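Participant: generate coordinates for the sequence data below:
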Amino acid sequence: MTIILVTFGVLLVLVVLMALWAVGLYNGLVTLRNRFKNAFAQIDVQLTRRYDLIPNLVETAKGYLKHESGTLEAVIKARNIAAAAAQTAAADPADANALRGLVSAETGLVGALSRLMVVSEAYPELKASQNMMQVTEELTSTENKISFARQAYNDSVMVYNTRRESFPAVILAGALGFLPAELFKIENPAERVAPKVQF
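Facilitator: As a prediction, this is how the structure comes out:
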């Protein structure tokens, strides 16, 4: 009888320890997932700031670039596409497809902004405009903040993915709904160049 009680006691202790281990693992993964979602929210804040600055940039340039309406329209269209993609990605930063859509939209926006900057180089009055200098300075500052926010996001994703792929978490992570997170990276090396916004 005592052997049965001892065996039952040992099994009970093992079950309790396993349950505590599983709870700790789960809570750790939740914490890391929330960190990378928060890091994405910081990117979203800066992208929203950029999207808000672009109409000011286009409006300032509009008076000088009357013959370049196609370029201005392309920037606004790319901005709207990127803003919509950012909203979709912000709704669920863990959705890899939404993040890929955002990266693609951001690539289009950076390309359109680059074309605008190249075209505006031909207009010295525009380059000397106080409004244009102020908007481009704010845009440059925002681009730097976006870079830092992306780096922080990618660092958070790396820690999360490493934890969920490490033993013993890898055994339960998928079953508990902890899917791999996507890094915020630009695939095409030519697209890695930030838009030049200095006048």
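Participant: contacts only, for Ile54.
Facilitator: Val75, Ile76, Arg79, Leu113, Leu139 (Cβ atoms under 8 Å, 6 or more residues apart in numbering). C-beta coordinates here come from the backbone N, C-alpha and C atoms, glycine included.
Participant: kindly recompute the last result at 7 Å.
Facilitator: Contacts of Ile54 were listed using Cβ atoms under 7 Å, 6 or more residues apart in numbering, and they are Val75, Arg79.
Participant: and the pLDDT for it?
Facilitator: In this model, Ile54 is scored at 91, pLDDT.
Participant: same question, the one 5 residues further on
Facilitator: At Glu59, the model reports a pLDDT of 85.
Participant: buried sites along the worst-scoring helix or strand of the chain on mean pLDDT?
Facilitator: When the helices and strands of the chain are scored by mean pLDDT, DSSP states H and E, helix 124-128 comes last with a mean of 75. The neighbour-count check on helix 124-128 (16 or more other Cβ atoms under 10 Å) flags Leu126 as buried.
Participant: now do that helix: everything it contacts.
Facilitator: By Cβ under 7 Å, 6+ apart, helix 124-128 touches Ala61, Tyr64, Ser120, Met132, Phe199.
Participant: need those in JSON lines (columns: distance to Ala85).
Facilitator: Supplementary listing: the contacts of helix 124-128 in JSON lines, determined by distance: Cβ to Cβ, whole Å:
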{"residue": "Ala61", "distance to Ala85": "24"}
{"residue": "Tyr64", "distance to Ala85": "30"}
{"residue": "Ser120", "distance to Ala85": "25"}
{"residue": "Met132", "distance to Ala85": "27"}
{"residue": "Phe199", "distance to Ala85": "28"}
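Participant: for the protein, what are the low-confidence residue spans?
Facilitator: Across the chain, residues meeting the criterion (pLDDT under 70) sit at 187-199.
Participant: run the last query once more with 80
Facilitator: 1, 63-68, 121-129, 186-199 (pLDDT under 80).
Participant: show me where it has helices.
Facilitator: 2-62, 69-91, 96-120, 124-128, 130-165, 169-173 (DSSP state H).
Participant: looking at those helices, which is buried most?
Facilitator: Ranked by mean neighbour count under mean count of other Cβ atoms under 10 Å, the helices of the chain are led by helix 96-120, which reaches a mean of 19.
Participant: show residues contacting it.
Facilitator: 61, 65, 68, 71, 74-75, 78-79, 81-82, 85-86, 88-89, 92-93, 126-127, 182, 184, 186, 191, 194-197.
Participant: chain center to it, what's the gap?
Facilitator: How far helix 96-120 lies from its chain's middle: 13 Å, per Cα atoms, centre = their mean, to the nearest Å.
Participant: same check, this time on stretch 122-133
Facilitator: In terms of Cα atoms, centre = their mean, the centre of stretch 122-133 is found 31 Å from the chain centre.
Participant: how far does it stretch from start to finish?
Facilitator: 15 Å (Cα to Cα, to the nearest Å).
Participant: ok, which pair from the contacts of helix 124-128 is furthest apart?
Facilitator: Tyr64 and Phe199 (11.2 Å; Cβ to Cβ).
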